[in-house]
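Novice: Sequence plus the predicted model coming up.
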Amino acid sequence: MSKTSPDRRSDRVGKSAASRRLSGSLSRRGLMQAGLGAAAAGLILTKTTRPVWAQNYPALGTYPDGVSGSSIFVGGVFPLTGPYAASGKDEQLGFQLAIDHLNNGSRITDQIPSLKKGGGLLGKKIQSGFADSETKPDTAVQAATRFIRDNKAIMLTGGVSSAESIAMMKLGQREHVIFMVGNSGSNDTTGKDCQRYGFRAQPSAYMAAKALAPVLAKELGKNLKAAYLVPDYTYGHSVYDSMKQFTAEAGNWTMASEQLAPIGTTDFSSYLLNIANSGADVFVNVAFGADATASTKQAEQFGMLSKMKYVVPNISQFQAKELGASIMGGAYGTQAWWWTEEDTYPLAKLFVEEFEQKNHYKPEWGASEVYIQLMVWADAVARAGTFYPIEVIKALESGQKVPSIYGDVYYRAADHQMVRPVPVMVGKKPNEMKGPDDFFQVLQLVPGEQVLPPIAETGCKMPDINA
Amino acid sequence: MPTLPQFLSQAFNGIALGSLLALIASGLSIILGALGVLNFAHGAMFMLGAYVAFVALGAWGSFGAALALGALALLALGFALERGLIRFYYRRPPEDQILVTFGLGIMMVEAVRYIFGPLSQRVPLPGWGQGIVNFGFFLYPLYRVQVIGMVAVLLLAFYVLLYRTRIGLVVRAGIEDATMVQLLGTNVQRMFLVVFSLGAMAAGIAGVIYAPLSSVIPNMGEPFLVECFVVIVIGGLGSFPGAVVGGIVVGEILSLTTLFNPAYAQAAIYAVMTLVLIVRPRGLFGTLGRA
């Protein structure tokens, strides 16, 4: 059964058609050049706070239609149903918190110099809405298209599966609307599918594997045989390739079995039997979301987790909460972010407090990714002084470090990968936990620069900025 | 090439996978056969069974109680839905029937998501189901072996009901020709009610049994519904033995294909379904000319 949840737009798009028409016509350069007094009067009457020099940019994507009123619109497309629904909901809550902080100010925006003023962006209130992608790329693109067409969204975010994130990035490129990727672990996102209008905050599979492999070699041993359970799409293939490469380099691990399973599989028994029969020492589980929970639960019932070492290259949001520490204890892996990083990064501590106060649980990394993406984008807009997408992209590509919940971060211009630390972690056993949410110990925060792939290896051919 | 132990372990797993599909598909198939309604809410009913298990195990910690409650709850739901909604659709075109059951499925999934949230719920194995059986050349979870046994008992009970009782006779006659049964003076309306309720109950029981094996999430019925359609096409629309044999066939295909190329397992069941539709369109156990 596939279904479309109703669009739950959290806010009305606060702009009458009439005012949009009026200010839209005002932005035409010819009209301004003519210097008509009436037009100037109209500008004052509609109370646009846009600086006059911003008028000089040509129309592009949803600019200037989407920014000519007193507010702008930002859309989020999250998988609220389907196998990645739990992560999608987490993203949605991070999204709403970020919009609230940008509009009303917060202890976090106070510490980002460009956003200190609060009160929206460039004097405009941020309206927002979100929609369900059903964990499907085609539904995601439809929802994103509606935001662009109906709401003149100036920026979009969301996506949990790399397939949906890449599809929406491509839409953003075509429509000239910036897409700040929610979750996406595939190398292709900043590799062969990289887009000028797409920016990815999550560490790529390459970065995660390169950070994780030396820890695995040290903690679990060298010359081991590993068997992989791999979701059969871009993300799974990418993680498999990178893990195989780096565990071979760091620990001389070899591959015993690769089991490709479709996304949304509920019973993994046949794949797991093959892995159990493969003679492998290590079970590397690349499955994600509900698939990760189901496959881990089933592997435990097959007795595999006590016989084999367990590695989860990208630990899903809520995976430990759903399975319990008795199962996830001792599992090695990475996440994009874990809440105990609050001990390292002051902004992370504020984020955990604010999020928990509102939503009554510790934010997982889906929420953190969307939150940081909105902040980094808002910082770029504030520094550019305009919503004109090309200028915002240039600001994002400038290499300017932004204080964030991951420490100081920036985007690499050549492939639009965020340079940020990669936390390598191990699951705590029940008796090691200091609280109900204390599921992981962060072993290392590997600096992003150390694990970035060389540009030549990414396969990214960045489209021209005017493309 | 896979070794003999690998082959045997997957063949055994195929039976375990297939038995559960057989149980869910048999309910779907007799509803389709007797009522002529393709119940798109069947996957959601399976999911409801799993959530009943979650609630019942949390409250009483007894798997037997969960099983009984799951069966009763879905029987009652099936009863209410047939009386309150489905019966008004027997004379409507098939697309109306599909839309109404499809809509019911969405409502059930969204209601569960509203109450329990999108996170998966933990349903533990029953105490007597914990452990691993050593078959010598492969290890297999004890509970999955017990599932085969439980499903076998349930299917046998279903068989006795359909083939050894008077009401079963009416149901089977109704599957062949409902109009004729009605003309002969039998109350087919009551038979329809029984079939729909029993079909829902079978889905609910399957959900309870399956809950400890997987992620209990609102969407968990979807892939099963799709696989069950394949099962009843292969087995023959409306045929109880067809659903059972079709279930085992699909389970075996899913399992054995992974020995050669795991990525093709899902595709293989559709390939076989296509083959059946070409060579024997009525399915393995279907009869010709049935509506």
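Specialist: Ah, there it is.

Novice: From residue B:66, how far out is the spatially closest residue to residue B:74 that is not a sequence neighbour?
Specialist: Nearest residue to residue B:74, sequence neighbours excluded (Cβ to Cβ, 6 or more residues apart in numbering or on different chains): residue B:204, at 2.8 Å. To be clear about C-beta, it is placed using only N, CA and C from the backbone, and glycine gets the same treatment. Residue B:204 sits 11 Å away from residue B:66, going by Cβ to Cβ, to the nearest Å.

Novice: Overlap of the contact sets of those two?
Specialist: Overlap of the contact sets of residue B:204 and residue B:66 (by Cβ atoms under 8 Å, 6 or more residues apart in numbering or on different chains) consists of residue B:52.

Novice: Neighbour count for these two, which is higher?
Specialist: residue B:204 (32 against 27; other Cβ atoms under 10 Å in any protein chain shown).

Novice: Name the secondary structure element that contains the more buried one.
Specialist: Per DSSP states H and E: residue B:204 is located in helix B:188-210.

Novice: and that helix, how far out from the chain's middle?
Specialist: 10 Å (Cα atoms, centre = their mean, to the nearest Å).

Novice: other SSEs contacting that helix?
Specialist: The elements that helix B:188-210 packs onto, with contact taken as 3 or more Cβ pairs under 8 Å, 6 or more residues apart in numbering or on different chains; DSSP states H and E, are helix B:4-35, helix B:42-60, helix B:63-84, helix B:142-163, helix B:166-183.

Novice: what do you get if the cut-off is 6 Å, keeping everything else the same?
Specialist: Applying 3 or more Cβ pairs under 6 Å, 6 or more residues apart in numbering or on different chains; DSSP states H and E, one finds that helix B:188-210 contacts helix B:4-35, helix B:42-60, helix B:63-84, helix B:166-183.

Novice: Turn those helices into CSV, columns for mean pLDDT.
Specialist: As requested, the helices and strands packed on helix B:188-210 are exported to CSV (pLDDT from 0 to 100):
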stretch, mean pLDDT
helix B:4-35, 93
helix B:42-60, 96
helix B:63-84, 96
helix B:166-183, 85
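
Novice: nearest to residue B:231, of those?
Specialist: helix B:4-35 (4.0 Å; Cβ to Cβ).

Novice: Would you confirm that residue A:77 belongs to a strand?
Specialist: Yes - judged by DSSP: H, G, I helix; E, B strand; the rest coil, residue A:77 forms part of a strand.

Novice: excluding its backbone neighbours, what's nearest it?
Specialist: Sequence neighbours aside, residue A:158 is the residue nearest to residue A:77 in space, at 3.9 Å (criterion: Cβ to Cβ, 6+ apart).

Novice: Count the neighbours of that neighbour for me.
Specialist: Using other Cβ under 10 Å, residue A:158 has 32 other residues around it.

Novice: same deal with residue A:463?
Specialist: Per other Cβ under 10 Å, the neighbour tally for residue A:463 reads 13.

Novice: wait, it sits on residue A:196?
Specialist: Yes - the criterion here is Cβ atoms under 6 Å, and residue A:463 meets it with residue A:196 at 4.6 Å.

Novice: Let me see the contact set for the residue lying closest to residue B:217 once chain neighbours are set aside.
Specialist: Distances taken as Cβ to Cβ, 6+ apart put residue B:120 closest to residue B:217, at 4.6 Å, once the chain neighbours are dropped. Counting by Cβ atoms under 6 Å, 6 or more residues apart in numbering or on different chains, residue B:120 makes contact with A:290, A:293, A:322, B:215-217.

Novice: Next, the contact list for residue A:338, please.
Specialist: Counted by Cβ under 6 Å, 6+ apart, residue A:338 has contacts A:423, A:440, A:442.

Novice: same deal with residue B:283?
Specialist: Contacts for residue B:283 (Cβ under 6 Å, 6+ apart) come out as B:234-236, B:242.

Novice: measure the nearest residue to it once chain neighbours are set aside to residue A:61 for me?
Specialist: Nearest non-adjacent residue to residue B:283, counting by Cβ to Cβ, 6+ apart: residue B:236, 3.1 Å away. According to Cβ to Cβ, residue B:236 stands 55 Å off from residue A:61.

Novice: With neighbour numbers in mind, choose between those two.
Specialist: Neighbour count, other Cβ under 10 Å: between residue B:236 and residue A:61, residue B:236 has more, with 25 against 22.

Novice: just checking, the more buried one touches residue B:242?
Specialist: Yes - between residue B:236 and residue B:242 there is a contact at 3.5 Å, judged by Cβ under 6 Å.

Novice: Between those two, which contacts overlap?
Specialist: Common contacts of residue B:236 and residue B:242, defined by Cβ under 6 Å, 6+ apart, comprise B:283-285.

Novice: Export those to CSV and append columns for secondary structure.
Specialist: Converted to CSV, those look like this (three-state DSSP):
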residue, secondary structure
B:283, coil
B:284, coil
B:285, coil
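
Novice: re earlier: now render the contacts of residue B:120 as TSV, adding secondary structure.
Specialist: TSV is the format used below for the contacts of residue B:120 (three-state DSSP):
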residue	secondary structure
A:290	helix
A:293	helix
A:322	helix
B:215	coil
B:216	strand
B:217	coil
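
Novice: Between the residues you listed, identify the one with the most neighbours.
Specialist: Counting neighbours by other Cβ under 10 Å, residue A:290 comes out on top of the contacts of residue B:120 with 33 neighbours.

Novice: Make sure it is actually in contact with residue B:214.
Specialist: No - using Cβ under 6 Å, residue A:290 is not in contact with residue B:214; the gap is 8.8 Å.

Novice: Could you export the helix holding residue B:204 as CSV, CA atoms only?
Specialist: The C-alpha trace of helix B:188-210 is given here as CSV (Å, rounded to 0.1, in the frame of the first residue of the first chain):
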residue,chain,number,x,y,z
VAL,B,188,-24.8,-16.6,1.5
GLN,B,189,-24.7,-13.3,3.4
ARG,B,190,-23.9,-15.2,6.6
MET,B,191,-21.3,-17.3,4.8
PHE,B,192,-19.6,-14.1,3.5
LEU,B,193,-19.5,-12.7,7.1
VAL,B,194,-17.9,-15.9,8.3
VAL,B,195,-15.3,-16.0,5.6
PHE,B,196,-14.3,-12.3,5.9
SER,B,197,-14.0,-12.6,9.7
LEU,B,198,-12.0,-15.8,9.5
GLY,B,199,-9.7,-14.3,6.8
ALA,B,200,-9.0,-11.3,9.1
MET,B,201,-8.4,-13.6,12.0
ALA,B,202,-5.8,-15.6,10.0
ALA,B,203,-4.0,-12.4,9.2
GLY,B,204,-4.1,-11.3,12.9
ILE,B,205,-2.8,-14.6,14.1
ALA,B,206,0.0,-14.5,11.6
GLY,B,207,0.9,-11.0,12.8
VAL,B,208,1.1,-12.2,16.4
ILE,B,209,3.3,-15.1,15.4
TYR,B,210,5.6,-12.9,13.3
